[in-house]
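S.K.: quick one, what's the 3D model for this:
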Amino acid sequence: MEDKLVTLAIHTFEKAQILKTILETEGIEVYIHNVNQIQPVISAGVRVRIKESDLPHALRVIEDNKWKEEPAPEEKRKQREKLVLIPIDFSDYSIKACELGLNYAALVGAKVTLLHVYFTPYFPSAIPLGDTMAYQINEEESVRHLQERVQADMNDIREYLDERMAAGKLPKMKYECVLREGLPEEEILVYSKECRPSLIVMGTRGKSRKDSDLIGSVTGEVIDVNRIPVLAIPEDVPFNDLRAVKNLAFATSFRQRDLVAFDEFMTLIKDLKGVKIHLFNISTSHDEWNEIRLTGVREYFQKQYPEADIDYTVLSDGDLLLAVEKFVIEQHIDMIALSTYRRSVWARMFNPSLARRMLFHTSLPLLVMNGK
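M.R.: Residues are numbered from 1 along each chain as shown. Model prediction:
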């Protein structure tokens with residue numbers, strides 16, 4: 001099968017040449033298109049093109065080589081450290097997420113931060129002048145009591161985890177606890193931009209729980225707008241360690257951006273041994289998924305990941321979620337992974353993403369790689 005060219009980036013001639021040099025030193029063939037042959041230096045919109053099979057490698061090179069701007073020493077230090085961020089709300093499924101996140105962090109050698117965001121209720125400002133002082137005192141007392149309660153809850157979960165570590169039921173490791181005030185979904189995104197974790201692990205309700213559960217809806221919002229991989233853990237998952245996963249399904253349309261997401265997925269699970277990966281289509285239309293396309297996909301993954309145990313499944317026609325549920329049962333799937341992409345607020349409101357739909361439909365852990 002012919003390896004077609006894809007456009008990696010569009011730059012000025014000077015920057016395109018710099019990028020070409022960086023990639024070629026890594027053994028990647030690069031082709032420059034749309035150059036002004038008479039005066040190359042004034043060329044604008046120069047296309048940097050590479051072979052499709054080299055795309056995941058090229059993206060890693062670009063990420064590792066900060067050729068546009070040199071980060072500060074402190075920023076470099078943060079980039080070198082692996083970090084697992086675990087937002088919690090002190091519920092049972094938060095505890096499940098903590099246990100699984102700690103086990104995963106110990107496996108990959110990452111640090112752990114537990115983050116709880118609490119919301120201070122809004123107090124109306126339109127009050128009688130004579131009551132102002134009493135109101136301020138009451139408000140301060142209410143906020144102080146809320147903070148004390150939140151701190152006590154954080155101490156309780158820390159004590160629980162420390163006891164589990166002492167008993168040998170969790171790996172002994174240091175972890176950081178952080179409290180922030182604000183809206184949970186907003187503060188989680190702000191904090192993740194500050195600390196740049198490699199993975200966010202969040203608990204969510206079981207399939208039969210009510211839609212009003214807080215952390216479940218927060219997890220869905222973080223998945224929709226965040227750029228960092230999110231691992232959603234339902235409380236009724238029967239294990240607290242990803243090493244128990246033997247059959248891992250990856251949902252994809254096998255578009256170019258999905259191949260990039262799959263590369264990130266393989267990086268996240270590389271320390272899990274004996275895992276069989278089941279790739280399945282997220283479209284049940286045979287017009288979009290045929291044997292010719294499937295053959296090309298097989299050849300691509302055999303070349304890129306020769307050591308991986310990868311199987312391929314074409315879902316039955318009809319309702320996608322029902323087809324996925326049948327596939328999960330038949331193949332004994334322990335966990336599902338997929339990629340999703342940033343969309344507008346209106347699109348998220350009126351056409352929920354596949355990741356969000358699956359989040360509230362399945363009782364399996366869901367790993368979501370977020371595209372650009």
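
S.K.: can you map out the strands along the chain?
M.R.: 5-11, 30-33, 46-51, 83-87, 111-118, 176-181, 199-204, 230-234, 247-252, 276-281, 309-313, 335-341, 366-371 (DSSP state E).

S.K.: now the longest one - C-alpha only, CSV.
M.R.: By that I understand strand 111-118. Extracted C-alpha coordinates of strand 111-118, given in CSV (Å, rounded to 0.1, in the frame of the first residue of the first chain):
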residue,chain,number,x,y,z
LYS,A,111,3.9,11.9,41.1
VAL,A,112,0.3,12.3,42.3
THR,A,113,-1.8,15.3,43.2
LEU,A,114,-5.2,15.0,44.8
LEU,A,115,-7.3,18.1,43.9
HIS,A,116,-10.6,19.1,45.6
VAL,A,117,-12.5,22.2,44.4
TYR,A,118,-15.1,23.5,46.8
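
S.K.: angle of that strand against strand 83-87?
M.R.: Using axes from the mean of the first three to the mean of the last three CA atoms, to 10 degrees, the direction of strand 111-118 lies 20 degrees away from that of strand 83-87.

S.K.: direction included, what does strand 111-118 pair against?
M.R.: When pairing is defined by DSSP bridges, strand 111-118 lines up against strand 83-87 (parallel), strand 176-181 (parallel).

S.K.: sorry, back to before: among the strands of the chain, which comes closest to Ile188?
M.R.: strand 83-87 (5.0 Å; CB to CB). From N, CA and C alone the C-beta is placed, and that goes for glycine too.

S.K.: could I get the CA-only coordinates of the closest one as CSV?
M.R.: This file holds the C-alpha atoms of strand 83-87, laid out as CSV (Å, rounded to 0.1, in the frame of the first residue of the first chain):
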residue,chain,number,x,y,z
LEU,A,83,2.2,13.7,37.1
VAL,A,84,-1.1,12.1,37.7
LEU,A,85,-3.9,14.5,38.7
ILE,A,86,-6.8,13.1,40.6
PRO,A,87,-9.8,15.5,41.2
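
S.K.: in the protein, which helix or strand is least confident?
M.R.: helix 345-350 (a mean of 38; mean pLDDT, DSSP states H and E).

S.K.: ok, back up a step: least reliable of the strands paired with strand 111-118 going by mean pLDDT?
M.R.: Lowest mean pLDDT of these: strand 176-181, a mean of 92.

S.K.: follow-up on the earlier one: out of the strands of the chain, which is closest to Lys20?
M.R.: Of the strands of the chain, nearest to Lys20 by CB to CB is strand 30-33, at 4.4 Å.

S.K.: buried stuff in the closest one?
M.R.: Within strand 30-33, the residues that count as buried by 16 or more other CB atoms under 10 Å are 30, 32.

S.K.: in the stretch 51-200 of the chain, what spans have low per-residue confidence?
M.R.: 63-80, 120-141 (pLDDT under 70).

S.K.: still on that earlier bit, could I get the strands of the chain in TSV, plus columns for distance to Glu299?
M.R.: Output for these, formatted as TSV (distance: least, CB to CB, whole Å):
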stretch	distance to Glu299
strand 5-11	16
strand 30-33	22
strand 46-51	13
strand 83-87	35
strand 111-118	39
strand 176-181	45
strand 199-204	30
strand 230-234	30
strand 247-252	16
strand 276-281	13
strand 309-313	12
strand 335-341	21
strand 366-371	22
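
S.K.: which one of those strands lies nearest to Leu170?
M.R.: strand 111-118 (10.9 Å).

S.K.: now the residue lying closest to Glu185 once chain neighbours are set aside: how far from Glu235?
M.R.: Spatial nearest neighbour of Glu185, excluding adjacent residues (CB to CB, 6 or more residues apart in numbering): Glu221 at 4.1 Å. From Glu221 across to Glu235, the span is 19 Å (CB to CB, to the nearest Å).

S.K.: between the two, which is the more surrounded one?
M.R.: Comparing Glu221 with Glu235 by other CB atoms under 10 Å, the one with more neighbours is Glu235, at 20 against 17.

S.K.: mind listing the helices for the stretch 101-250 of the chain?
M.R.: Ranges of helices within the stretch 101-250 of the chain are 132-166, 184-195, 214-225, based on DSSP state H, counting those that start in this stretch.

S.K.: what does the second one rub up against?
M.R.: Pointing back at helix 184-195 there. Helix 184-195 is contacted by residues 78, 83, 85, 87, 89, 113, 115, 117, 119, 178, 180-182, 200, 214-215, 218, 221-222, 225-226, 228 when judged by CB atoms under 8 Å, 6 or more residues apart in numbering.

S.K.: mind running it again at 7 Å?
M.R.: 78, 83, 85, 87, 113, 115, 117, 180, 200, 218, 221-222, 225-226, 228 (CB atoms under 7 Å, 6 or more residues apart in numbering).

S.K.: just the buried residues of those residues.
M.R.: The buried subset of the contacts of helix 184-195 - by 16+ other CB under 10 Å - is 83, 85, 87, 113, 115, 117, 200, 218, 221-222, 226, 228.

S.K.: pull the most distant pair out of those residues.
M.R.: So, these by CB to CB: farthest apart are Leu83 and Glu221, at 21.0 Å.

S.K.: on that earlier part again, distance to Leu161 added to the strands paired with strand 111-118, as TSV?
M.R.: Formatted as TSV, the strands paired with strand 111-118 follow (distance: least, CB to CB, whole Å):
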stretch	distance to Leu161
strand 83-87	10
strand 176-181	10
